[in-house]
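Colleague: Mind looking at a prediction? Sequence and model below.
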Amino acid sequence: MDLEFNKNEDALKLLVSEMHARWKKVSKGGGEKRIEKQHAQGKLTARERIAALLDPKKPQIEIGAFVGEGMYQEYGGCPSGGVVVVLGYVKGRMTIVVANDATVKAGAWFPITGKKNLRAQEIAMENKIPIIYLVDSAGVFLPLQDEIFPDKENFGRIFRNNAIMSSMGITQISAIMGSCVAGGAYLPIMSDEAMIVDKTGSIFLAGSYLVKAAIGEDIDNETLGGATTHTEISGVTDYKMPNDKEALKSIRNIMDKIGAPEDAGFNRIKPVKPAKDENEIYGLVPREGKPYKTIEIIDRLVDADSWEEYKKGYGSTIITGYARMDGWAVGIVANNREIIKSKKGEMQFGGVIYSDSADKASRFVANCNQKKIPLVFLQDVTGFMVGSRSEHGGIIKDGAKLVNTVSNSVVPKFTVIIGNSFGAGNYAMNGKAYDPRLIVAWPNAKLAVMGGDQAAKVLLSIEKASAKEEFTKEMEDELLQKIKSRYEEQMSPYYAASRLWVDAIIDPLDTRKWISMGIEAANQAPIEKRYNPGVIQA
């Protein structure tokens with residue numbers, strides 16, 4: 001391999017190493033002292049509970065590990081949003097598990113906590129897979145109650161979803177393993193079955209202090225809403241468990257009896273490894289957004305001898321084709337990052353969507369819907385081509401055609417941001433707003449309305465136009481650097497992950513696992529809606 005390959009490899013591996021270091025930090029939740037306190041109470045931590053619940057030798061993926069990073073610093077932070085969400089297997093059945101992290105502000109719900117819980121429920125509903133709640137929460141974080149309590153996508157939506165999932169026949173099991181107070185008490189009780197751990201679990205609409213203040217009654221929390229009360233007097237919960245481990249064992253026993261899911265019928269054969277070494281991906285993705293051959297990345301992601309390219313000689317800035325990932329049939333739509341000379345003799349910039357590439361991708365998405373083949377989008381896009389030639393050629397019309405087909409697609413869609421994700425290119429390539437079943441980013445990814453240099457120059461022009469004094473060259477350079485620095489911070493994949501614009505930042509070598517588990521989940525939800533793209537201009 002050449003020197004450039006080695007430099008690329010070092011740079012991307014360094015980013016992956018940083019990702020693992022960041023995960024190690026957030027995985028500690030509120031820190032070692034709070035973990036020790038949880039253990040002293042006889043309780044396992046959220047991650048320990050999930051580890052004990054899931055099948056140990058089966059794959060698993062964590063949703064939203066970096067949620068909340070850099071947010072709420074005035075309140076001490078909110079690692080992983082104060083809740084851990086993992087997609088894995090319980091007794092061989094794919095399941096999503098949601099566990100409050102009581103080491104983070106006693107498991108209180110911040111605004112981002114609510115968003116993450118809703119995302120977990122969305123995954124369960126889209127794929128019709130069981131969801132398990134491991135409850136240990138002090139309820140809404142009161143200093144931010146106005147941002148978590150009243151709106152449509154806030155706290156109350158959780159319980160609405162409980163009811164909707166129940167009507168859909170989606171299994172919901174809850175274990176009350178710590179506090180469960182106020183409105184949060186509805187979540188476990190709106191599940192199919194609820195268990196409570198003796199002495200550490202409690203559930204009530206109002207705790208003893210509030211009861212005293214409201215109606216003058218003196219009562220302790222255990223008598224008010226402990227395990228004995230709710231399994232022998234109120235009948236609110238179904239099982240009383242002696243400790244966390246027994247509760248988790250009981251959940252596994254219940255899950256072991258659930259009937260088989262329906263099958264959506266997505267095509268899968270025996271998996272084979274890619275024909276080319278996956279580890280070479282590290283060296284093939286260039287630093288600083290330089291051009292590269294996206295097909296070389298595809299060759300290291302798809303099963304050997306499965307690639308069949310669609311319209312290879314047309315619309316070359318997007319690559320489309322049929323393939324397999326871990327045995328699953330997929331349709332791939334990928335931004336080609338090469339600089340290409342078109343058949344008309346024009347130079348086309350890699351990563352830019354032109355009219356012909358938008359047209360090709362739109363047709364391919366429609367074909368995959370016709371054939372019931374899940375779609376995988378590999379994003380490294382700087383946007384749509386601009387300028388008089390593109391405008392006169394109808395780029396807006398062709399871009400709208402692609403957005404239309406992606407929006408109305410009924411097969412499961414998955415998005416991997418392997419580089420840039422800028423502007424309307426994010427939308428056309430199935431960004432978060434277009435309902436990907438899963439959307440992940442590699443550590444080198446950048447998400448923004450435009451690139452940092454362009455954005456900084458636009459913002460600088462606005463600043464200069466509104467300034468009352470004339471800018472010197474030094475003032476201009478200083479302001480440009482300040483704007484660019486702030487903008488590039490917001491382009492970081494961690495900025496996106498903290499706000500759940502992506503479900504995870506992943507090692508490129510885990511891409512196949514994420515797609516495979518995503519399609520396996522989607523295969524439990526038969527397609528009920530016929531593909532109809534609506535009105536598309538020719």
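Modeller: Ah, there it is.

Colleague: remind me which residues of the stretch 101-250 of the chain are low pLDDT?
Modeller: For the stretch 101-250 of the chain, applying pLDDT under 70 flags the ranges 183.

Colleague: Now with 80, please.
Modeller: Filtered on pLDDT under 80, the stretch 101-250 of the chain yields the residue ranges 182-184.

Colleague: Mind jotting down where the helices sit in it?
Modeller: Using DSSP state H, counting those that start in this stretch, the helices of the stretch 101-250 of the chain run over 111-127, 145-148, 155-168, 186-189, 208-215, 221-225, 227-228, 244-255.

Colleague: Same list, the ones you listed, but as CSV with mean neighbour count please.
Modeller: To be clear about C-beta, it is placed using only N, CA and C from the backbone, and glycine gets the same treatment. What follows is these, written out as CSV (neighbours: other Cβ atoms under 10 Å):
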stretch, mean neighbour count
helix 111-127, 22
helix 145-148, 16
helix 155-168, 16
helix 186-189, 21
helix 208-215, 12
helix 221-225, 18
helix 227-228, 18
helix 244-255, 19
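
Colleague: Of all those, which one comes closest to residue 297?
Modeller: Residue 297 lies closest to helix 111-127 among the helices of the stretch 101-250 of the chain, at 26.2 Å (Cβ to Cβ).

Colleague: Packing partners of that closest one?
Modeller: strand 61-63, strand 83-90, strand 93-100, strand 131-137, helix 145-148, helix 155-168, helix 511-522 (3 or more Cβ pairs under 8 Å, 6 or more residues apart in numbering; DSSP states H and E).

Colleague: Out of these, which is closest to residue 384?
Modeller: Among the helices and strands packed on helix 111-127, the nearest to residue 384 by Cβ to Cβ is helix 511-522 (25.7 Å).

Colleague: quick check: angle from the closest one to strand 83-90?
Modeller: 80 degrees (axes from the mean of the first three to the mean of the last three Cα atoms, to 10 degrees).

Colleague: ok so, going back, could you dump the helices of the stretch 101-250 of the chain to a markdown table with distance to residue 60?
Modeller: Putting these into a markdown table (distance: least, Cβ to Cβ, whole Å) gives the following:
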| stretch | distance to residue 60 |
| --- | --- |
| helix 111-127 | 13 |
| helix 145-148 | 28 |
| helix 155-168 | 21 |
| helix 186-189 | 23 |
| helix 208-215 | 38 |
| helix 221-225 | 33 |
| helix 227-228 | 29 |
| helix 244-255 | 15 |
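
Colleague: Tell me where the stretch 351-500 of the chain has strands.
Modeller: Here the stretch 351-500 of the chain has its strands, by DSSP state E, counting those that start in this stretch, at 352-353, 375-381, 383-384, 413-422, 438-441, 446-448.

Colleague: and the ones you listed, which one is worst for confidence?
Modeller: Of all the strands of the stretch 351-500 of the chain, mean pLDDT reaches its minimum on strand 383-384 (a mean of 82).

Colleague: Strand partners (parallel or antiparallel) of it?
Modeller: Take DSSP bridges as the rule and strand 383-384 pairs in its sheet with strand 352-353 (parallel).

Colleague: Just give the nearest non-adjacent residue to residue 427, would you?
Modeller: residue 403 (5.9 Å; Cβ to Cβ, 6 or more residues apart in numbering).

Colleague: check contacts around the one you found.
Modeller: 424, 427, 428 (Cβ atoms under 8 Å, 6 or more residues apart in numbering).

Colleague: Based on its surroundings, how many neighbours for residue 524?
Modeller: Residues lying near residue 524 (other Cβ atoms under 10 Å) number 18.

Colleague: separation between the nearest residue to it once chain neighbours are set aside and residue 95?
Modeller: Nearest residue to residue 524, sequence neighbours excluded (Cβ to Cβ, 6+ apart): residue 261, at 4.1 Å. Between residue 261 and residue 95 the computed distance is 11 Å (Cβ to Cβ, to the nearest Å).

Colleague: now do residue 416
Modeller: Residue 416 sits 23 Å away from residue 95, going by Cβ to Cβ.

Colleague: Then residue 290?
Modeller: Residue 290 sits 42 Å away from residue 95, going by Cβ to Cβ.

Colleague: Between these two, tell me which one has more neighbours.
Modeller: Legend: neighbour count by other Cβ under 10 Å for residue 290 and residue 95, higher for residue 95 (26 against 11).

Colleague: For the more buried one, give me its contacts.
Modeller: 54, 87, 88, 89, 129, 130, 131, 132, 255.

Colleague: same thing but 7 Å
Modeller: Residue 95 sits next to 88, 89, 129, 130, 132, 255 when contact means Cβ atoms under 7 Å, 6 or more residues apart in numbering.

Colleague: One more: residue 237?
Modeller: The contact partners of residue 237, by Cβ under 7 Å, 6+ apart, come to 176, 194, 195, 196, 230, 231.

Colleague: what about residue 2, how many neighbours?
Modeller: Neighbours around residue 2, by other Cβ under 10 Å: 8.

Colleague: Correction: the previous question concerned residue 378.
Modeller: Neighbour count of residue 378, defined by other Cβ under 10 Å: 25.

Colleague: correct me, but it touches residue 420?
Modeller: No. Under the criterion of Cβ atoms under 7 Å, residue 378 makes no contact with residue 420, lying 11.7 Å away.
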